[in-house]
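Chemist: Mind folding the following:
(one chain, ligands or ions: 2)
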Amino acid sequence: MTVYLPIMLDCHGQRCVVIGGGRIAERKVLGLLEAGASVTVVSPSITDGLAKLAEESALTWSKRVYAPGDIRGAFLVYAASNDVEVNRKVAEEAHAYGIPVNVASEAERGSFITPGVVRRGRLTVAVSTSGAGPGAAAEIRGLLEETLGEEYGPYLEFLHHMRTEIKQREESHEVRSRLLRKLGTLDVLNKIRQGTFIEWSPEAVEAWIAHHREE
Ligand SMILES: C[C@@]1(CC(=O)O)c2cc3[nH]c(cc4nc(cc5[nH]c(cc(n2)[C@H]1CCC(=O)O)[C@@](C)(CC(=O)O)[C@@H]5CCC(=O)O)C(CC(=O)O)=C4CCC(=O)O)c(CCC(=O)O)c3CC(=O)O
Ligand SMILES: NC(=O)C1=CN([C@@H]2O[C@H](COP(=O)(O)OP(=O)(O)OC[C@H]3O[C@@H](n4cnc5c(N)ncnc54)[C@H](O)[C@@H]3O)[C@@H](O)[C@H]2O)C=CC1
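Modeler: Ligands and ions are numbered 1, 2, ... in the order given. Below is the predicted model:
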């Protein structure tokens, strides 16, 4: 069994190439665009959804079959055509260039697989069954979507803001680490859930930091 390493990859502005333009390619492209990647699709035909994105210049469409060299210099590659042989060639080329590649038809020929994803603002939860049951991964993703409410979005905005303020103000490692740990004990998530959370003013942030600095 392959034990995959989960990582969070910054793809912003990176050229990512998707070979194929069907339903599966579209799913991979939407994930890439959400992560801010610069997407090129190589495929003689594409779905209506992808065509709309191409019209809006949200992606680049090379309207032709895959040719060697298409993926040169890419950050990530997705082999998502319905031709197994083509996907194999794409994978071989990517391996030769040392580019990470996802193979939709035969996961084991690629170097990474795509998880199901739940997002709540800055929170990302990724679900993988290591390829054992993609449908099960989708189901588990659905369960998590029911469990993880929208309150995580504003909660993580709050944490991000507070952590940034603390890191900017506090030079001392000891004080910083005390304040950051203290932050984790606040009952903010529940308050947001119950609708009783009131946004902290700059003065309230200042006062909280001053109060807990010397503890
Ligand atoms: C290995 C992997 C490679 C990769 O694509 O990266 C892969 C491979 C294959 N999927 C197949 C089938 C289906 N895949 C889905 C759905 C999803 N598949 C996704 C990922 C992955 N699919 C990777 C492993 C993920 C993991 O488990 O860790 C998700 C999570 C993410 C995404 O695609 O963005 C997304 C859910 C998104 C969501 O809703 O959350 C459904 C259900 C549906 O379409 O609704 C079915 C039909 C039901 C079933 O078969 O279970 C087939 C058979 C194809 C054939 O018939 O030939 C293969 C080929 C093979 O098994 O080798
Ligand atoms: N990973 C996953 O979640 C799943 C993967 N699959 C696999 O993904 C493959 C694609 O599935 P769909 O998108 O539903 O197929 P599809 O038939 O809707 O689309 C295939 C696309 O590949 C393009 N294509 C064909 N030959 C090409 C070439 N030489 N160069 C570039 N593009 C080419 C076609 O123009 C078309 O846009 C399936 O054959 C299956 O093996 C299927 C279901 C789920």
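
Chemist: From the contact counts, what lies against the lengthiest helix in the chain?
Modeler: Counting residues, the longest helix in the chain under DSSP state H turns out to be helix 152-169. Judged by 3 or more CB pairs under 8 Å, 6 or more residues apart in numbering; DSSP states H and E, helix 152-169 is in contact with strand 116-120, strand 123-127, helix 173-183, helix 188-194, helix 202-213. From N, CA and C alone the C-beta is placed, and that goes for glycine too.

Chemist: try 6 Å
Modeler: With contacts taken as 3 or more CB pairs under 6 Å, 6 or more residues apart in numbering; DSSP states H and E, helix 152-169 sits against helix 188-194.

Chemist: what about dumping the CA coordinates of the helix it packs on to CSV?
Modeler: Provided in CSV are the C-alpha atoms of helix 188-194 (Å, rounded to 0.1, in the frame of the first residue of the first chain):
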residue,chain,number,x,y,z
VAL,A,188,-14.6,32.5,20.6
LEU,A,189,-15.8,29.6,18.3
ASN,A,190,-18.8,28.9,20.5
LYS,A,191,-19.7,32.6,20.7
ILE,A,192,-19.6,32.9,17.0
ARG,A,193,-21.8,29.8,16.7
GLN,A,194,-24.3,31.3,19.2
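
Chemist: Identify the residue nearest the residue most central in space within the chain in space, chain neighbours excluded?
Modeler: In the chain, the centroid-proximal residue (CA atoms, centre = their mean) is Ala35; its distance is 5.6 Å. In space, and not counting its chain neighbours, Ala35 is closest to Cys11: 4.5 Å by CB to CB, 6 or more residues apart in numbering.

Chemist: what's the burial count for the one you found?
Modeler: Neighbourhood size, Cys11 [other CB atoms under 10 Å]: 18.
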